[in-house]
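> Generate coordinates for the sequence data below:
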Amino acid sequence: MDINRQKSLIRSEELDKIAIEDTKHKSNIRIGFSEFSEKIYTNTKNKILKELDASEKDWNDPKWQLKNRISSVDEISKYTSLTDEEYNVIKKVSEKYRFAITPYYFSLIDFDNPNCPIRLQSIPDIRELDEDGELDPMNEEQSNPSGRITRRYPNKLIINVTNACPMYCRHCQRRRLIGNFDKNTSKEDIETSIEFIRTHQTIREVLITGGDALLLSNNRLEDIFNKLSNIPHVEVIRIGTRTLSTLPFRIDDELALLLRKYKVQVSTQFNHACEITPEAVRAIDTLVDHGILVRNQMVLLHNVNDDKYCIQKTNEELHKYRVITYYLFHPKDVKSTKHFQVDISKGLEIMKHLEGRTSGMCKPTYVYNAPGGLGKVPLVPMENIVCVENGYKLITWENKTITKDFEK
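Prediction:
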């Protein structure tokens, strides 16, 4: 055996050891495609169908799912046993902060695990009564030049088209807008927003969001898409939605064809691998098979996914199903969400771990949203590059040091 082949085999064995160690840790992460997750889903789903005298056809109907959202502690009690303390906590918190969960997403909850990622994101928690934080840390109310626009950048902006969501995330950055009932933005406000875009040629990209923008009807969406696409300087239309993870039945061929017609790109949010279920993948496939670009914007959340192997596994699952890993958002300092906060050092540790251990397609950009509406700040491990005399010191993913001279 020649020396090069011998060295290559030794190096391959070193890499195998790293991969095997990572795989061991990743195997402890709950995923949506598992017998365990399928058992939880099927058991709760059957309880709900029986209680509501509903059929499989009803279950797959997004309108039925929205009509039958679980939104009170008494409804939760029909499908799982709550302690008196749990009952009282959910009741007390929900009197101040509304919650609603689609039967589908509710059926993913492992109620035997108090740290179930689905539960933490959807069920009211006593820590929400902590008054720390701000209602509007991104200063959206003062970034609104017209209609229902949020503008923080020179050439792109947001139109907020509804406050409604299939499921109200307990970490929601816009929980101040949830209120006591669902309400779509008026046609007049949307028209005013579009007119602002029409008269500002600097705007090339528009994100339609909410709430969840896909809770608007296809006809209403097409009206917005059509008007924006007829503005010459608008080059990109995006839509923000969590329906792929909370209401995947909303995604069908009719919607996909509509998005394809206007070349609309989709930004979604999966925060944990257990949200990537067969139903969610069917929704992903429907969009991607129609040529729709789907990107994931994950939020780093304490006890939900603030673990390097969880982030790695979740992004690898998304990669497997053709979803582009886009952002890892540092959690915003939103009032009543302090229990989801993590230190930036945790995010940097995760990003350092991902280097070399997974595909670049599975490595998001870790960003901190500067308060006051000042925009996103990319965060990277600072030890990766250090200026030294005559050049740079660079740190590889294995923490090996190399140097690079200044170019002459």
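> alpha carbons only for contacts and neighbour counts from here, please
Fine.
> Please report phi then psi for the spatially most central residue of the chain.
The centroid of the chain falls nearest to Gln269 when counting by CA atoms, centre = their mean (1.9 Å). Dihedral pair for Gln269: phi -140, psi 100, per degrees, to the nearest 10.
> what do you get for Gln265?
phi -90, psi 150.
> picking that back up, before we move on, what's the pLDDT of the residue nearest to the centre of the chain?
We have a pLDDT of 98 for Gln269.
> which residues does it contact?
Each residue near Gln269 by CA atoms under 8 Å, 6 or more residues apart in numbering is listed here: Thr241, Arg242, Leu244, Ser245, Asn296, Gln297, Met298, Val299.
> In helices, which of these fall?
Using DSSP state H, the subset of those located in helices is Leu244, Ser245.
> Please flag which of the contacts of Gln269 sit within strands.
Using DSSP state E, Asn296, Gln297, Met298, Val299 are the members of the contacts of Gln269 that sit in strands.
> what about Thr23, neighbour count?
Look at Thr23: counted by other CA atoms under 10 Å, it has 13 neighbours.
> Now it: which helix or strand?
Per DSSP states H and E, Thr23 falls inside helix 3-26.
> just checking, what packs against that helix?
helix 308-320 (3 or more CA pairs under 8 Å, 6 or more residues apart in numbering; DSSP states H and E).
> pLDDT of the helix it packs on, averaged?
Helix 308-320 comes out at a mean pLDDT of 98.
> tell me the angle of the helix or strand following it relative to helix 308-320?
For helix 308-320, the following helix or strand on the C-terminal side (DSSP H and E) is strand 324-329. Put simply, strand 324-329 runs at 150 degrees to helix 308-320, going by axes from the mean of the first three to the mean of the last three CA atoms, to 10 degrees.
> circling back: show me how to select, in ChimeraX, the buried members of the contacts of Gln269.
Burial among those is assessed by 16 or more other CA atoms under 10 Å; the matching ChimeraX selection reads:
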select :241,242,244,245,296,297,298,299
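> Kindly reformat the contacts of Gln269 as a markdown table containing pLDDT and distance to Leu82.
Formatted as a markdown table, the contacts of Gln269 follow (pLDDT from 0 to 100; distance: CA to CA, whole Å):
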| residue | pLDDT | distance to Leu82 |
| --- | --- | --- |
| Thr241 | 98 | 31 |
| Arg242 | 97 | 27 |
| Leu244 | 98 | 29 |
| Ser245 | 98 | 25 |
| Asn296 | 98 | 33 |
| Gln297 | 97 | 33 |
| Met298 | 98 | 30 |
| Val299 | 97 | 28 |
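> Which member of the contacts of Gln269 is positioned nearest Leu52?
Ser245 (22.6 Å; CA to CA).
> State the distance from that closest one to Asp405.
Relative to Asp405, Ser245 is positioned 47 Å away (CA to CA, to the nearest Å).
> now Ser143
44 Å.
> neighbour-wise, which of the two wins?
Taking neighbours as other CA under 10 Å, Ser143 and Asp405 compare with Ser143 leading, 17 against 12.
> quick one: pLDDT of the more buried one?
pLDDT at Ser143 comes out at 87.
> do Asn68 as well
pLDDT at Asn68 comes out at 98.
> okay but it is in contact with Thr102, surely?
Yes: with contact defined as CA atoms under 8 Å, Asn68 reaches Thr102; the gap is 7.0 Å.
> neighbour count winner among those two?
Thr102 (23 against 16).
> leaving aside the residues next to it on the chain, what's closest to that one?
Leaving aside its chain neighbours, Thr102 sits nearest to Arg69 (4.5 Å; criterion: CA to CA, 6 or more residues apart in numbering).
> Ramachandran angles for the one you found?
Here Arg69 shows phi and psi, under degrees, to the nearest 10, equal to phi -60, psi 140.
> what about it, how many neighbours?
Taking other CA under 10 Å as the definition, Arg69 ends up with a neighbour count of 19.
> Next: Cys274.
So Cys274, with other CA under 10 Å, has 22 neighbours.
> Burial check on the residue nearest to Asp110 when sequence neighbours are not counted, number of neighbours?
Spatial nearest neighbour of Asp110, excluding adjacent residues (CA to CA, 6+ apart): Cys116 at 5.9 Å. By other CA under 10 Å, the residues close to Cys116 number 17.
> Please name the residues that touch Cys116.
So Cys116 contacts Ile109, Asp110, Val304 (CA under 8 Å, 6+ apart).
> and which of those residues is nearest to Leu120?
Val304 (7.0 Å).
> Provide the secondary structure category for the closest one.
coil (DSSP: H, G, I helix; E, B strand; the rest coil).
> Let me see the contact set for it.
Asn115, Cys116, Pro117, Leu120, Gln121, Asn271, His272.
> Going through those, which ones are buried?
Neighbour counting with 16+ other CA under 10 Å marks Cys116, Pro117, Leu120, Gln121, Asn271, His272 as buried within the contacts of Val304.
> how close does the third one get to Ser71?
Yep, that's Leu120 we're talking about. 15 Å.
> can you pull out the strands in the stretch 301-408 of the chain?
324-329, 365-370, 375-378, 385-388, 391-395, 401-405 (DSSP state E, counting those that start in this stretch).
> Deepest in the core, which of the ones you listed is it.
With neighbours defined as mean count of other CA atoms under 10 Å, those peak in mean count at strand 324-329, which reaches a mean of 21.
> if we look at that strand, which residues are touching it?
294-300, 315, 318-319, 361-369.
> what do you get if the cut-off is 10 Å, keeping everything else the same?
Residues outside strand 324-329 that contact it (CA atoms under 10 Å, 6 or more residues apart in numbering): 267-271, 293-301, 311, 314-316, 318-319, 347, 351, 360-369, 376, 378-379.
> any idea how far Asn184 lies from Gly210?
9 Å.
> Find residues that contact each of the two.
The contact lists of Asn184 and Gly210 share Asn160, Val161, Thr162, Asn163, Ala164, where a contact means CA under 10 Å, 6+ apart.
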